[in-house]
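*Asks:* Sequence unavailable; structure follows:
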């Protein structure tokens, strides 16, 4: 008997490989958009991604325009007020930058140069509130975190400036995060990839109160009420602010979740991929692909349903896999042992768990 899940997985991998062979764009084929402007004046608030999207259909290929371009020494040193000029050399786009050094007149006799900050890859300031509140730990690492035990008033919830008692940890620094288990991250086969935790509050440790069984904490900067049983975490929720973008090559995986438990996701939502730090690194750009349901090629064709997938009858040998079509793009910005966070930068439809990620 044929195991349907294995057959569907095998067919989907084959079809995906074929689709990716078609959609993969070599650097040599880099082309400007048909309506790309000849010049563009960089504005305050622009990012490299914004500018690349003006000129290119594949904005992650922006670095390729300057790696072989002597006109722009470093795209991370492009400033507001710079004028990007587009030309063609040997059939390939060439970018150059015209710059007037900014001057601030202090008096008729003196001038002082004003230092302007270069633009960033992505506008993290707009996105940060949505991505700085979660991180992923290995299950064992989460379990050994010390717990919040309570306070002298026998309360069950705590807020800023409350004093609470927790389990002791002699290696604990002065400042800690109080965190809560948000979800258990699993791949599509049900294997656990890690525990997603969410930020609850900051906590200051009274070192003189530490003993064998407990320590005293003062809560600060609460984002929500802390509860009995919440954990103490001495790591951080930070991520790389300046990413060197590069397209994925042979890596392929799946979207297995998100940070808000939504059914449908879109642009600037954060997704969780089943690719760890051995597979990808921050800055990797991946395409998002969706497939339709398998079709049973019988006398009367029908779509494979969930109930059908529980069966191992031989007539599924006629199952036809629909091709994987690109529906969006995602930039990986933080990786863990067995999973990673990605930011959706394009989406032509609602993105769901189970969608494929691969070469953009």
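*Replies:* Everything's here; your move. Everything quoted here is computed from the prediction, not taken from an experiment. Residues are numbered from 1 along each chain as shown.
*Asks:* Would you check that residue 46 makes contact with residue 80?
*Replies:* Yes. Using Cβ atoms under 8 Å, residue 46 is in contact with residue 80, at 7.1 Å. No exception for glycine: its C-beta is placed from N, CA and C like everyone else's.
*Asks:* Tell me which of these two has more neighbours.
*Replies:* residue 46 (19 against 15; other Cβ atoms under 10 Å).
*Asks:* any idea how far residue 280 is from the more buried one?
*Replies:* 27 Å (Cβ to Cβ, to the nearest Å).
*Asks:* Same check on residue 178?
*Replies:* Distance from residue 178 to residue 280, by Cβ to Cβ: 30 Å.
*Asks:* what about residue 343, neighbour count?
*Replies:* As a burial measure, residue 343 scores 22 neighbours (other Cβ under 10 Å).
*Asks:* ditto for residue 94
*Replies:* 16.
*Asks:* So in that sheet, which strands flank the longest strand along the chain, and in what orientation?
*Replies:* Assignment by DSSP state E gives strand 192-206 as the longest strand of the chain. Sheet pairing of strand 192-206 (DSSP bridges) gives strand 134-137 (antiparallel), strand 175-186 (antiparallel), strand 214-220 (antiparallel).
*Asks:* Please identify the most buried of those.
*Replies:* Mean neighbour count (mean count of other Cβ atoms under 10 Å) peaks for strand 134-137 among the strands paired with strand 192-206, with a mean of 23.
*Asks:* coming back round to it: among the strands paired with strand 192-206, which comes closest to residue 288?
*Replies:* Among these, the nearest to residue 288 by Cβ to Cβ is strand 175-186 (18.1 Å).
*Asks:* neighbours of residue 235, just the number please.
*Replies:* Residue 235, neighbours per other Cβ under 10 Å, totals 13.
*Asks:* Locate it within the secondary structure: which element?
*Replies:* Residue 235 is part of no helix or strand, with elements assigned from DSSP states H and E.
*Asks:* thought it was touching residue 135?
*Replies:* Yes. Contact criterion Cβ under 8 Å: residue 235 and residue 135 qualify, at 6.9 Å.
*Asks:* Pull the contacting residues for residue 357.
*Replies:* 248, 251-255, 273, 275, 286-289, 330, 342 (Cβ atoms under 8 Å, 6 or more residues apart in numbering).
*Asks:* Can you tell me, leaving aside adjacent residues, what's nearest to it?
*Replies:* Distances taken as Cβ to Cβ, 6 or more residues apart in numbering put residue 286 closest to residue 357, at 4.3 Å, once the chain neighbours are dropped.
*Asks:* can I assume that neighbour is in contact with residue 328?
*Replies:* No. Using Cβ under 8 Å, residue 286 is not in contact with residue 328; the gap is 9.5 Å.
*Asks:* Show residues contacting the helix or strand containing the residue nearest to residue 357.
*Replies:* If you go by DSSP H and E, residue 286 is part of strand 284-290. Residues outside strand 284-290 that contact it (Cβ under 8 Å, 6+ apart): 16, 19, 23, 60, 245-248, 251, 255, 273, 280, 324-332, 342, 344, 347, 349, 351-352, 355-360.
*Asks:* Please produce a PyMOL select command covering the buried subset of these.
*Replies:* The buried residues among the contacts of strand 284-290 can be selected in PyMOL (16 or more other Cβ atoms under 10 Å) with this line:
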select buried, resi 16+19+60+245+247+248+251+255+273+280+324+326+327+328+329+330+331+332+342+344+347+351+352+355+356+357+358+359+360
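*Asks:* quick one: which of the contacts of strand 284-290 sit in strands?
*Replies:* Among the contacts of strand 284-290, the residues falling in strands (DSSP E) are 246-247, 255, 273, 325-332, 342, 344, 347, 356-358.
*Asks:* From the contacts of residue 357, pick the one nearest residue 159.
*Replies:* Nearest to residue 159 among those, with distances taken as Cβ to Cβ, is residue 342, at 33.0 Å.
*Asks:* ok, the residue nearest to the closest one when sequence neighbours are not counted - contacts?
*Replies:* Nearest residue to residue 342, sequence neighbours excluded (Cβ to Cβ, 6+ apart): residue 330, at 4.0 Å. Counting by Cβ under 8 Å, 6+ apart, residue 330 touches 271, 273, 285-288, 342-345, 357.
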